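A.B. asks: this one's sequence-less:
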């Protein structure tokens, strides 16, 4: 009777734990040296920005699956002693590592979704719906990609995203067949190009704001000041001329123009290297 009560108590205590994520089974995960091989320099290379080359991407995917594998082992140990603080601390640490690596891989490959949306031939699909389907397909691809098979993730993810677009187009076609509507010429005129142009403009604006907030372009204080005066973020605030800024900074108008050109070149370089825009 006491043993039954203990099992029920363990199950109740374990109910508050987050279930471990799935992982690809591979003999390398069970080797004693794998953890040291994958996480010896975690503090140095655990984070990052921008695109990943194929070798780095494979390395991060192996890290991801090792985290999930280790979490499943800790979860089985927690089934026997769910109130162990040591197991709980270890579980939280590996969960944080798992999500940090997963977010890194997703951010590095977001550009695949936007690139395929721009090149796809599913013109009848709404762009927002395509973005949603593409993002979900990318998330599933990150969770199911096998880095030990030797394929590149971009190939695997692109196939998954295009299949998601195709399924969405089939669902949309069935809806159109079931819902009969009267012909209206104004409805037949497509504004997809205008909407895509607006979406691209909003995307560039959002990525530029992130670059400015994080100062990824490494702008100096003077360059940031000139940009803020020349291109104010507040739409109600008027733009200042080069001459006005030069008088206030006690430099020539030509010098202000040079500072502006230098700052814009740095921003353009950061936008060209942005993982999402690529």
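C.D. replies: All right, it came through fine. None of these values were measured; they are calculated from a predicted model.

A.B. asks: make it CA atoms for all contacts and neighbour counts henceforth
C.D. replies: Fine.

A.B. asks: So residue 58 sits against residue 147, correct?
C.D. replies: Yes - under the criterion of Cα atoms under 8 Å, residue 58 is in contact with residue 147, at a separation of 5.5 Å.

A.B. asks: Give me the pLDDT for residue 72.
C.D. replies: At residue 72 the predicted local distance difference test score is 91.

A.B. asks: What's the local residue count around it?
C.D. replies: For residue 72, the tally of surrounding residues (other Cα atoms under 10 Å) stands at 18.

A.B. asks: ok, it - contacts?
C.D. replies: With contact taken as Cα atoms under 8 Å, 6 or more residues apart in numbering, residue 72 is in contact with 20, 21.

A.B. asks: Quickly find the element holding it.
C.D. replies: helix 54-80 (DSSP states H and E).

A.B. asks: roughly how far out does that helix sit from the chain middle?
C.D. replies: Relative to the centre of its chain, helix 54-80 is centred 20 Å away, using Cα atoms, centre = their mean, to the nearest Å.

A.B. asks: Make residue 1 into 8 and carry on from there
C.D. replies: Sure thing, new numbering starts at 8, so read that last one as helix 61-87.

A.B. asks: Can you tell me the SS state at residue 31?
C.D. replies: coil (DSSP: H, G, I helix; E, B strand; the rest coil).

A.B. asks: was I right about it contacting residue 156?
C.D. replies: No - at 10.8 Å, residue 31 and residue 156 do not qualify as touching, with contact defined as Cα under 8 Å.

A.B. asks: before we move on, what SS does residue 223 have?
C.D. replies: What three-state DSSP gives for residue 223 is coil.

A.B. asks: which residue packs closest to it, ignoring adjacent ones?
C.D. replies: Distance criterion Cα to Cα, 6 or more residues apart in numbering; nearest residue to residue 223, sequence neighbours excluded, is residue 277 at 7.0 Å.

A.B. asks: who touches the one you found in this structure?
C.D. replies: Residue 277 makes contact with 218, 223, 224 under the criterion Cα under 8 Å, 6+ apart.

A.B. asks: Now tabulate the residues you listed in CSV and tack on distance to residue 118 and neighbour count.
C.D. replies: CSV is the format used below for these (distance: Cα to Cα, whole Å; neighbours: other Cα atoms under 10 Å):
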residue, distance to residue 118, neighbour count
218, 16, 17
223, 18, 16
224, 20, 19
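
A.B. asks: Out of those, which comes closest to residue 252?
C.D. replies: residue 224 (22.1 Å; Cα to Cα).

A.B. asks: What's the separation between the closest one and residue 91?
C.D. replies: 46 Å (Cα to Cα, to the nearest Å).

A.B. asks: helix/strand/coil for residue 176?
C.D. replies: Secondary structure, three-state DSSP: residue 176 is helix.

A.B. asks: That one contacts residue 128, doesn't it?
C.D. replies: No - no contact is recorded between residue 176 and residue 128 when judged using Cα under 8 Å, the distance being 10.2 Å.

A.B. asks: These two - which one has more neighbours?
C.D. replies: residue 176 (18 against 11).

A.B. asks: Do you know the pLDDT at that one?
C.D. replies: According to the per-residue confidence, residue 176 scores 84 in pLDDT.

A.B. asks: The residue nearest the centre of the chain is in what secondary structure piece?
C.D. replies: With distances taken as Cα atoms, centre = their mean, residue 114 lies nearest the centre of the chain, 2.6 Å away. Secondary structure assigned from DSSP H and E places residue 114 in helix 92-115.

A.B. asks: buried stuff in the host helix or strand of residue 182?
C.D. replies: Secondary structure assignment for residue 182, by DSSP H and E: helix 160-185. Residues 160, 163, 164, 165, 167, 168, 169, 171, 172, 173, 175, 176 are the ones in helix 160-185 that count as buried (16 or more other Cα atoms under 10 Å).

A.B. asks: For that helix, which helices and strands make contact with it?
C.D. replies: Helix 160-185 makes packing contacts with helix 117-126, helix 134-151 when contacts are defined by 3 or more Cα pairs under 8 Å, 6 or more residues apart in numbering; DSSP states H and E.

A.B. asks: how about low-confidence regions in the stretch 8-157 of the chain?
C.D. replies: Per-residue confidence for the stretch 8-157 of the chain (pLDDT under 70) gives these ranges: 8-23, 50-55, 130.

A.B. asks: again, 80 this time
C.D. replies: Segments of the stretch 8-157 of the chain classed as low confidence (criterion: pLDDT under 80) are 8-25, 50-58, 89-90, 127-133.
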